[in-house]
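Chemist: sharing a model prediction with you, sequence too.
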Amino acid sequence: ELPKMFQQFLRALCRGPQPIILFLDDLHWADQDSLDCINALIQDPLLQNFVLVGTYRDDEPCDIPFVSGDQGQTVTDIYLGNLPLSSVEDILSDLTGTSGDRDLAKIVLEKTHGNPLSIFQFLEMLQRKELLVFSFHTHKWIWDVEQ
């Protein structure tokens, strides 16, 4: 069966001196078979030098049994919250190559609530609608807060 083969494969990989890190994104969308497979991996006493890094949204309904650490594994939660205005300004500054525009940053924060993914998606939307454009003449990004 596939989960057993994957487990044996990871055991072989993890025999070396360097740890193997498996990163799994969006665990809140994982099906039960996938969660069972992950659970078997983290409970496997023969699996050494193995680190699982998983992400999940705490605002989505999910039943991830190993997130609590109740099964003997070490669990470290890192909560990533929304970004403050100063961070949105920093992102805009990095992306536009300017010192930024506080008014634009406030609009971006208001529309995205500081969610990093939403910030980038919102900026892409502004660019698609030509509300945020790069001027090849001035070599700067141009936007009109009023639009």
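Modeler: Good, I have the coordinates. Residues are numbered from 1 along each chain as shown.

Chemist: residues near Asp33, how many?
Modeler: Other residues near Asp33 number 10, with proximity taken as other C-beta atoms under 10 Å. C-beta here means a position set from N, CA and C on the backbone, and glycine is covered the same way.

Chemist: what does the host helix or strand of Phe122 rub up against?
Modeler: Under the criterion of DSSP states H and E, Phe122 resides in helix 116-128. Applying C-beta atoms under 8 Å, 6 or more residues apart in numbering, the external contacts of helix 116-128 come out as Leu80, Leu83, Val88, Ile91, Leu95, Val108, Lys111, Thr112, Leu132, Val133, Trp143.

Chemist: and the third one, which of the three is it?
Modeler: I take that to be Val88. Under DSSP: H, G, I helix; E, B strand; the rest coil, Val88 falls in the helix class.

Chemist: residue contacts, it?
Modeler: Listed by C-beta under 8 Å, 6+ apart, the contact set of Val88 reads Ala105, Val108, Leu109, Thr112, Gly114, Ile119.

Chemist: so how far is Asp103 from it?
Modeler: Using C-beta to C-beta, to the nearest Å, Val88 is found at 12 Å from Asp103.

Chemist: tell me where this structure has helices.
Modeler: 2-13, 32-43, 85-96, 102-112, 116-128 (DSSP state H).

Chemist: same for the first one, what does it pack against?
Modeler: Just to be clear, that refers to helix 2-13. Of the remaining helices and strands, those touching helix 2-13 by 3 or more C-beta pairs under 8 Å, 6 or more residues apart in numbering; DSSP states H and E are strand 20-24, helix 32-43.

Chemist: and among these, the most buried is which?
Modeler: Highest mean neighbour count of those: helix 32-43, a mean of 14 (counted as mean count of other C-beta atoms under 10 Å).

Chemist: could you give the angle of that one to strand 20-24?
Modeler: With axes from the mean of the first three to the mean of the last three C-alpha atoms, to 10 degrees applied, the angle from helix 32-43 to strand 20-24 works out at 150 degrees.
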